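Asks: Please find the sequence and the predicted model below.
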Amino acid sequence: MIKTIAIALVCLGATFGIHAAMYKWVDASGVTRYSETPPPGKKALEIQIKSQPALSDAPARAPADLKQQERTAASGEESVRAAVSSRCSALFDRKDFAALSQQIDQYQYKDVRTPSGAWKLEVCHKSLYQLSKDGSGQNAAFWSDYQVAVDGYIKAHQSDRNLPIIYAALLMRHGWAYRGGGYASDVPKDSWPPFFEYIARARKVLDDNKSISLTNPMWYLYRLTVLSVGRDDTLQFGSVFAEATGRFPSYTPIYFSASEALAPKWGGSYEALEKLAAQGAILARGTEGESMYARIYYHVAGGCCGSDQNIFRQPWFDKRRLARAIDDLVTRYPDQWNYNIYAQLSCAALDREGTAKLMSQIVPGSISAAWGSDEEKPASHYARCRTWASYAPGVQPPNR
């Protein structure tokens with residue numbers, strides 16, 4: 001199924017962009033579908049699609065005060081993310097859903113980005129998704145407590161666009177509690193039915209509330225997640241992705257979701273990932289410059305796909321283009337977190353000049369977590385890259 005998603009996205013890669021309209025219709029099985037063209041011989045509802053100004057009208061540039069603090073040790077990134085996560089998880093935990101919804105609006109429309117340029121909206125949602133990890137599929141009381149509370153709030157506040165998305169995420173997390181995070185071949189047979197049941201329930205919640213919730217880009221992110229793991233028509237993944245990037249071209253988590261579907265380990269290819277990064281840079285250029293290209297590459301090589309750095313060994317890999325994208329990103333967001341993670345990325349890409357340039361901006365020891373977990377010995381990794389990058393041009397350094 002993942003391979004089919006990859007093919008669908010690659011086919012869309014040459015053409016996806018901002019679409020004037022989408023069509024909603026019901027197939028012969030009674031399943032609601034969305035497509036870019038009306039289905040032949042079927043009645044369809046036309047939905048006008050417009051790019052959302054909330055996330056992307058203002059060019060992404062670093063605030064003046066952030067530029068003055070660009071060499072501050074212990075980047076504010078981690079503390080800002082921790083504050084966002086703490087705020088959202090606390091509101092959710094005490095079931096203050098009205099305040100949580102207001103906070104989500106704040107993160108989408110006003111207090112939007114972290115110092116590194118990440119979206120606070122996603123950080124908030126991640127904290128809620130992680131909050132439910134302590135529950136097991138068999139712990140019915142744990143899940144019903146939150147699910148009943150959220151469902152009750154939604155029924156009493158039918159115009160709230162944010163809580164249906166949170167409810168869908170909660171249902172997905174419940175499904176994953178049954179399945180577990182291992183390979184499909186290791187999942188007990190009796191865990192699959194409840195897994196698919198909760199994924200289907202999440203899909204229904206998202207689809208039933210699309211008309212009020214699609215102004216929040218997280219609706220698209222979770223809808224793509226449902227499509228990638230559920231028993232859906234996988235070609236629809238490409239259609240939803242096109243609609244999502246048309247409305248929210250600068251919202252990086254949408255591209256990250258697609259990159260995970262296109263990873264070679266799931267049946268995709270490095271060529272497909274490169275096309276995704278290139279198209280993402282085009283779509284987001286109006287507000288992000290070339291930086292989206294670097295963000296997608298970092299997610300592929302250092303985030304989603306098990307630190308898969310083989311993409312840098314492909315014959316078509318353009319090291320100079322990646323270097324330009326990184327330069328653009330750290331110019332817009334000159335934060336210690338970015339200096340660290342993109343120095344790591346440049347090192348993995350064997351760009352010695354780019355690594356040295358970024359290393360010169362790093363306050364030593366500022367963010368060891370950017371260089372890996374404790375098991376990966378981040379200090380050693382940092383030291384190896386720093387030593388490797390310090391050799392003069394023309395001098396062949398030892399292997400990292």
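Replies: Arrived safely.

Asks: burial count for Leu163?
Replies: 22 (other C-beta atoms under 10 Å). C-beta: built from backbone N, CA, C; applies to glycine.

Asks: per-residue pLDDT, it?
Replies: pLDDT recorded at Leu163 is 95.

Asks: give me every residue that touches it.
Replies: Phe97, Leu100, Ser101, Val150, Tyr153, Ile154, His157 (C-beta atoms under 8 Å, 6 or more residues apart in numbering).

Asks: So which of those residues sit within helices?
Replies: Counting by DSSP state H, these place Phe97, Leu100, Ser101, Val150, Tyr153, Ile154 in helices.

Asks: Mind putting these into JSON lines with neighbour count?
Replies: Output for the ones in helices among the contacts of Leu163, formatted as JSON lines (neighbours: other C-beta atoms under 10 Å):
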{"residue": "Phe97", "neighbour count": "22"}
{"residue": "Leu100", "neighbour count": "26"}
{"residue": "Ser101", "neighbour count": "19"}
{"residue": "Val150", "neighbour count": "23"}
{"residue": "Tyr153", "neighbour count": "19"}
{"residue": "Ile154", "neighbour count": "19"}
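
Asks: which of these lies closest to Arg384?
Replies: Distance to Arg384, by C-beta to C-beta, is smallest for Leu100 among the ones in helices among the contacts of Leu163, at 43.4 Å.

Asks: what about Ala140, neighbour count?
Replies: If you count neighbours by other C-beta under 10 Å, Ala140 ends up with 12.

Asks: shaky segments in the stretch 251-400 of the chain?
Replies: The model of the stretch 251-400 of the chain has pLDDT under 70 over residues 303-307, 373-376, 394-395, 398-400.

Asks: possible to save the contacts of Leu163 as JSON lines with distance to Asp207 and pLDDT?
Replies: Below are the contacts of Leu163 laid out as JSON lines (distance: C-beta to C-beta, whole Å; pLDDT from 0 to 100):
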{"residue": "Phe97", "distance to Asp207": "21", "pLDDT": "95"}
{"residue": "Leu100", "distance to Asp207": "22", "pLDDT": "96"}
{"residue": "Ser101", "distance to Asp207": "20", "pLDDT": "96"}
{"residue": "Val150", "distance to Asp207": "17", "pLDDT": "93"}
{"residue": "Tyr153", "distance to Asp207": "19", "pLDDT": "95"}
{"residue": "Ile154", "distance to Asp207": "14", "pLDDT": "94"}
{"residue": "His157", "distance to Asp207": "19", "pLDDT": "94"}
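
Asks: of all those residues, which comes closest to Val300?
Replies: Distances from Val300 to the contacts of Leu163, taken by C-beta to C-beta, are shortest for Leu100, at 31.9 Å.

Asks: about what we covered before: so which of the contacts of Leu163 comes closest to Ser185?
Replies: Looking across these and measuring by C-beta to C-beta, the closest to Ser185 is Val150, at 33.4 Å.

Asks: how far away is that closest one from Ile165?
Replies: For Val150, the distance to Ile165 equals 10 Å [C-beta to C-beta, to the nearest Å].
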